[in-house]
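Chemist: Provided below are the primary sequence and the corresponding predicted coordinates.
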Protein chains: 2
Amino acid sequence: MHKEHTLTKNQQIIFDLIDKSPEPMKAYSILFNVQKKGIKAPLQVYRALDKLVEIGKIHKIESRNAFIACHNSSCQVSKATAFSICEICEKVTEISSTGLSKYLANFKDKDGMKYSKYNLEFFGLCKKCR
Amino acid sequence: MHKEHTLTKNQQIIFDLIDKSPEPMKAYSILFNVQKKGIKAPLQVYRALDKLVEIGKIHKIESRNAFIACHNSSCQVSKATAFSICEICEKVTEISSTGLSKYLANFKDKDGMKYSKYNLEFFGLCKKCR
DNA sequence: TTTAGATTGTTATAATATAACACTATGTAA
DNA sequence: TTACATAGTGTTATATTATAACAATCTAAA
Ligand SMILES: [Zn+2]
Ligand SMILES: [Zn+2]
Ligand SMILES: [Zn+2]
Ligand SMILES: [Zn+2]
């Protein structure tokens, strides 16, 4: 269950924008889009993004330097995320597979170490682009 | 088996530097270190990095914008990589686990799609930092 | 109400990465 | 050999992504 964080004004503005975007948004594209709402500087955007990532409302797609809203109730706490990324149209989908997350959470490296935090990005072609 | 690519001068200089580094190197740190060898501009570094990544001699750690040499003979072709990253000392280790790579290569998303390319980054504390 | 912590607004700057263009080396094929 | 294609180089400039520093303001709890 998503714990309810009361978002501040900037956080809410930026979350709403990302949440209704059909594709991952980049920080400066976000900035451009919220300037009419009074958010004028990169730092205002990055601070909101940092917080939204921290509380799990959005995720950063590391290979793309872009952000998407989370629609998976389980990753908020764990910071254990998986995505598929289309190499043609750049569509990104968050993967929520119990099997996958269990496998990764139980994976032990050669020192026997387990990891509760991970980020997995799959690359391929989406349905439309195949 | 690593296919032998004959590296060009710049590629070799930069690969050697990364290969002997005990930790991932960032592009501008590489640039600083190779300036005495005649590589003076960021683009010369990025071009060599791009090629080295393409042929699998190095990998990019996406969450850190840094590069490490590959010591795993199987990931060159597949571009299927996994790493563990220490959140304190930033030590990065490439994971080569047959089980993990088989699991991920056979993972099907909810559309039944499989992915031969992926990048997985685990986060935790290394032996020394635990 | 006091106070600590989080958030904001702002300017400046750092760090990461690519565009564009002219030139050079290298391999392949007529 | 000569022509051609491909890859790599050197260079300048610029684009993109992200953080430092500091003062002001808001918010929630003691
Ligand atoms: Zn999520
Ligand atoms: Zn696509
Ligand atoms: Zn490797
Ligand atoms: Zn460590």
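Modeler: Ah, there it is. Ligands and ions are numbered 1, 2, ... in the order given.
Chemist: what's the nearest residue to residue A:37 if we skip its chain neighbours?
Modeler: residue A:13 (5.3 Å; CB to CB, 6 or more residues apart in numbering or on different chains). Where C-beta positions appear, they are placed from N, C-alpha and C, glycine not excepted.
Chemist: I'd guess the one you found is in a helix, am I close?
Modeler: Yes: Residue A:13 forms part of a helix when assessed by DSSP: H, G, I helix; E, B strand; the rest coil.
Chemist: Could you point out the helix or strand that follows the helix or strand of chain A with the lowest mean pLDDT?
Modeler: For chain A, counting by mean pLDDT, DSSP states H and E, helix A:75-78 ranks last in confidence among helices and strands (a mean of 69). Counting by DSSP states H and E, the next helix or strand C-terminal to helix A:75-78 is strand A:80-86.
Chemist: Is that following strand positioned near ligand 1?
Modeler: No: Strand A:80-86 does not reach ligand 1 (CB under 5 Å from the ion); its nearest approach is 5.7 Å.
Chemist: Now do the helix or strand residue A:30 falls within, average pLDDT.
Modeler: Residue A:30 is part of helix A:27-34 when elements are defined by DSSP H and E. For helix A:27-34, mean pLDDT rounds to 98.
Chemist: Next SSE downstream of that helix?
Modeler: helix A:42-54.
Chemist: Buried ones in that following helix, by neighbour count?
Modeler: Of all the residues in helix A:42-54, those buried under the rule 16 or more other CB atoms under 10 Å in any protein chain shown are A:44, A:45, A:48, A:49, A:51, A:52.
Chemist: Kindly report the same for stretch A:8-25.
Modeler: Within stretch A:8-25, the residues that qualify as buried are A:10, A:11, A:13, A:14, A:15, A:17, A:18, A:21, A:24, A:25, counting by 16+ other CB under 10 Å.
Chemist: Contacts only, for residue A:96.
Modeler: Neighbouring residues of residue A:96 by CB atoms under 8 Å, 6 or more residues apart in numbering or on different chains: A:72, A:74, A:75, A:82.
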